[in-house]
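1. take a look and give me a structure for this.
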Amino acid sequence: MLHLGRLCMVSAAMALAACTTGSLRSDAPPLSVSSTAADNPAAQLQWLDRVTWGANASSQAELSRTGLARWMGQQLKPQPQPLPPAAQAQIDAMTISRTPLDQLVIGLDAQRKAADALPDEEQKKAARQAYQQELTRLGREAQQRFVLRALYSPNQLQEQMTWFWMNHFNVNLRKDNIRALVGDYEENAIRPHALGKFRDLLGATLHHPAMLRYLDNAQNAANRINENYARELMELHTLGVGGGYSQADVQELARVLTGVGVSQQPIDAAPPNIRAAVRADYVRKGLFEFNPNRHDYGAKTLLGQPIQARGLAEADEALDRLARAPATARFISRKLAVYFVADEPLPALVDRMAAAFTRSDGDIAVTLRALFESPEFAASLGRKFRDPVHYVMAGVRLAYDDRVAPNVNPMLNWINRMGEPLYGHETPDGYPLNEAAWASAGQMNTRFEIARAIGANGAVLFRADDKAPLEKPAFPQLAESQAVRAMQVGLSADTREALAQAKTPQEWNTFLLASPELMRR
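-> Numbering: from 1, shown residues only. Just a heads-up that it's a prediction; the model follows:
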């Protein structure tokens, strides 16, 4: 890997040559942390950099007032907290916030059909383009809403875990009409369960049309089996590779999932014509539909045990079995440890987390508590490499603290440039969480350019559109941040030398944001 200190110095030479938080739950049990970490400002910043989307002066002040142990307990057991009004107003104005999903999707489907029915080819082309542009706009709203919450929500751990689970239960917005679905998928399938019970989260994803469309289960029917979702449900969502299942289990689970799909008929439409013997099994909730006519009612065996239920209840029985399997406890625990501790977490840590997962019946917060209270977590602080989303979020949070950006589109563009667009990973495995995936020389050069964009021209976030003039100065006052001052004691000699060479505040900002220390959390 390219040494980031050297990159910063080389890039410096090239450049020279050329939310207000509210009080959280008081009844949340405090985390057990060492007194050294609890009382050390530098250590507190490291905790913030790992648990939140990036340390800043306001989060440092909140943690200092609350105390690390109690603050962490509240992050693990959050209650709803308001965003800053300027951020919430942006979210409230979005179509995805104002229009129920079924109404939105059914309207879009009618728009698509009307476009296809136009006799004039030029009109048809224009109408189809308008349909695609509306889908893109809705997907962009979901991305913008995520960024606003990641930047300004007081419940930072919940926002971190929302992103983690969106990546774990990945869907790609370029497929089908998922651009219209992904915002609701995050809002109603993922976020409410991000720190809850894994089984509830698993069930919510199975019942959402975004997942059923993405992994083709909407086409899965008796005598026309589609195994895509069944395979990923075991390989990526629960048991993991080597988790003890066979190809026969994939086939049996696919049979369990026949008939689980999506309806785009109006909510008040009459149910489909279903044969009398199974008519009572029909289920319609929003866009989710279980159609008995498409379900395989034959006997099934999954993971060595027969499925006892009937109809849609077969899926619940299968999810119960998968969620409570020992292999799932280990697979989920290891993935959480990779995200929060190290690319290759110690087996002992994974064992303790898996035990907590099993003991608590898959309680995500309990499993994370075991992680955060571990010596392995404390020893890893400041060492975990930031993926592009974390890098951009952390830079903007540090640079502008809780000042609400009215235009987060430049941030989305920076994230896209580094190859990690939100909801953009095409395959079901989600983006990689390890350093090797994001630490190439090309990536580092792009990061320096983005550090310069934030550090010298960050005012692009605070103008209404691309043609509006930038405020003056057009750069953040990073050197004046209380968090940056506390951070400087831990900077390396290379970074301090680079900062000393800065000729302007903009260069100083750029060198800090491009430093090796800011690449890690």
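
2. assign a three-state SS to the nearest residue to residue 465 once chain neighbours are set aside, would you?
-> Once flanking residues are discounted, residue 465 sits nearest to residue 407: 7.5 Å by C-beta to C-beta, 6 or more residues apart in numbering. The way it works is simple: take the backbone N, C-alpha and C, and place the C-beta from them, glycine included. What DSSP: H, G, I helix; E, B strand; the rest coil gives for residue 407 is coil.

3. point me to the helix or strand that includes residue 231.
-> In this assignment (DSSP states H and E), residue 231 forms part of helix 228-232.

4. buried set for the helix or strand just after that helix?
-> Downstream of helix 228-232, the next assigned helix or strand under DSSP H and E is helix 247-256. For helix 247-256, a neighbour-count test (16 or more other C-beta atoms under 10 Å) marks 249-250, 252-256 as buried.

5. contacting residues for residue 159?
-> Shown in contact with residue 159 (C-beta atoms under 8 Å, 6 or more residues apart in numbering): 53, 149-150, 153.

6. just put these in CSV and tack on distance to residue 509 and secondary structure.
-> As requested, the contacts of residue 159 are exported to CSV (distance: C-beta to C-beta, whole Å; DSSP: H, G, I helix; E, B strand; the rest coil):
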residue, distance to residue 509, secondary structure
53, 19, coil
149, 25, helix
150, 21, helix
153, 25, coil
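
7. buried only: go through those residues for me.
-> Buried, going by 16+ other C-beta under 10 Å: 53, 149-150, 153, out of those.

8. near residue 385, how many other residues are there?
-> When neighbours are counted by other C-beta atoms under 10 Å, residue 385 registers 18.

9. does it really touch residue 440, like I thought?
-> No. Using C-beta atoms under 8 Å, residue 385 is not in contact with residue 440, being 11.7 Å away.

10. and the helices in the stretch 401-521 of the chain?
-> In the stretch 401-521 of the chain, helices defined by DSSP state H, counting those that start in this stretch lie at 409-417, 441-457, 482-487, 493-501, 505-513, listed in chain order.

11. mean neighbour count, those helices: which tops it?
-> Comparing these by mean neighbour count (mean count of other C-beta atoms under 10 Å), helix 505-513 comes out on top with a mean of 24.

12. what mean pLDDT does that one have?
-> Per-residue pLDDT values across helix 505-513 average out to 98.

13. which residues are in contact with the host helix or strand of residue 370?
-> Using DSSP H and E, residue 370 sits within helix 364-372. Applying C-beta under 8 Å, 6+ apart, the contact partners of helix 364-372 are 31, 33, 51, 72, 76-77, 157, 161, 193-198, 201, 332-333, 336-337, 340-341, 349, 352-353, 355-357, 359-360, 377.

14. helix or strand right after that helix?
-> Counting by DSSP H and E, the next helix or strand C-terminal to helix 364-372 is helix 375-380.

15. can you point out the buried residues in that next one?
-> Result for helix 375-380 [16+ other C-beta under 10 Å]: buried residues 376-378, 380.

16. could you single out the nearest of the residues you listed to residue 128?
-> Using C-beta to C-beta, residue 380 is the member of the buried residues of helix 375-380 that sits closest to residue 128, with 50.1 Å.

17. centroid-nearest residue for this protein?
-> The centroid of the chain falls nearest to residue 163 when counting by C-alpha atoms, centre = their mean (1.3 Å).

18. picking up where we left off before, counting contacts, what elements does the helix holding residue 231 pack onto?
-> Here helix 228-232 touches helix 247-256, going by 3 or more C-beta pairs under 8 Å, 6 or more residues apart in numbering; DSSP states H and E.

19. try it again with 10 Å
-> On a contact count with 3 or more C-beta pairs under 10 Å, 6 or more residues apart in numbering; DSSP states H and E, helix 228-232 meets helix 209-214, helix 247-256.

20. not counting it itself, show me its contacts.
-> Residues external to helix 228-232 that are found in contact with it (C-beta atoms under 10 Å, 6 or more residues apart in numbering): 169-170, 206, 211-212, 214-220, 237-238, 245, 247, 249-258, 260, 302, 318, 427-429.

21. please consider this matter closed, and thank you.
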